[in-house]
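K.L.:
fold the following and give me the result.
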Amino acid sequence: MTNQASHPAAVYSRQGELWHPSALSRGPWDPRAQHGGAPCALIVHVAEQAMAEPGWQLGRVTVELVRPVPVMPLRTQCSVQTSRTTARLSIDLFDGDTLVARAHALMLRQQAMTLPTDVPGWTPARLLPLPGDCSERLRIPGLPDGVSFYGSAVETRNAQGDPSRPGGGAAWFRLAVPFIDGTATSPAMRAVAAADFGNGLSWVLPAERYVFANADLSLHLHRQPQGEWIGLQSQTQADASGAGTTLSQLFDERGSIGVAVQTLVLRQRG
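P.N.:
Just a heads-up that it's a prediction; the model follows:
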């Protein structure tokens, strides 16, 4: 668990129109750049806050990480197009006048329904063991120590597979600190923050010799997660052309909540 006394109070704080990331937002590739999960969760917060009335939920968000998002004050621009059942939002994230991320979010108007429970073959998937039955922290080999999103802002529990060896795996994630100072963290923010860990969880190339950073993240939610823990079951594919993909199934403790896909940029270290 994070020692919060020695770390910043939250991943982000807001001052006027600017979002100020703390050291808790740092990613694994460069201490000057953020982990992808940090700006992705910030973008989801902006999308949710842009809805003028309650009763909407995130159905999908695609975040294009145009360039490394710096650990520097950022600003956002958001436009909304709303219909009777859907709202489509475009969110841009800027470092000064430089575009660093562009996102498109789909919000769905909630509608209570009664679904059949006796449909043959329809059995909601679960990720087991549950986090309360897991004891080992997820340790991704080759990632640097120090204050970071992975090492300090998120608590992890390894669920399936051996993270010291390449290949697919499963783990549970929950934020160990507030995401935005003085603001509640929504279920969708928790989901997208965890979803960006898929490529590290299912690494197939050693981080000491290769970079396998994601250039985007697409998250689809068919259900809003309940509780603090988000589970990922991930698998990565890599090609000698320098491209890769990671596919992750997402869970809460009740069962499946959605899927996420990342496009990976693979590079050999110098």
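K.L.:
what lines up beside the strand or helix carrying residue 105 in the sheet?
P.N.:
Secondary structure from DSSP states H and E places residue 105 in strand 98-109. According to DSSP bridges, the neighbouring strands of strand 98-109, each with its direction, are strand 56-65 (antiparallel), strand 86-95 (antiparallel).
K.L.:
buried sites along the first one?
P.N.:
Neighbour-count burial for strand 56-65, with 16 or more other Cβ atoms under 10 Å as criterion, is recorded at 56-63, 65. For every residue, glycine as well, the C-beta is placed using N, CA and C.
K.L.:
again, but for the last one
P.N.:
By neighbour count, with 16+ other Cβ under 10 Å as the criterion, the buried positions of strand 86-95 are 87, 89, 91-93, 95.
K.L.:
from those, pick the one nearest residue 78.
P.N.:
residue 91 (4.9 Å; Cβ to Cβ).
K.L.:
contacts for stretch 90-110, please.
P.N.:
With Cβ atoms under 8 Å, 6 or more residues apart in numbering as the test, stretch 90-110 has contacts from 39-40, 42-44, 46-48, 51, 55-70, 72-79, 84-89.
K.L.:
swap that for stretch 46-55, please
P.N.:
Stretch 46-55 is touched from outside by 56, 58, 61, 76, 78, 80, 87, 89, 91, 103, 105, 107, 109-110, 186, 188-189, with contacts defined as Cβ under 8 Å, 6+ apart.
K.L.:
buried stuff in the strand holding residue 105?
P.N.:
100-109.
K.L.:
what's the most distant pair in those?
P.N.:
Greatest spatial distance among the buried residues of strand 98-109 (Cβ to Cβ): 100 and 109, at 30.7 Å.
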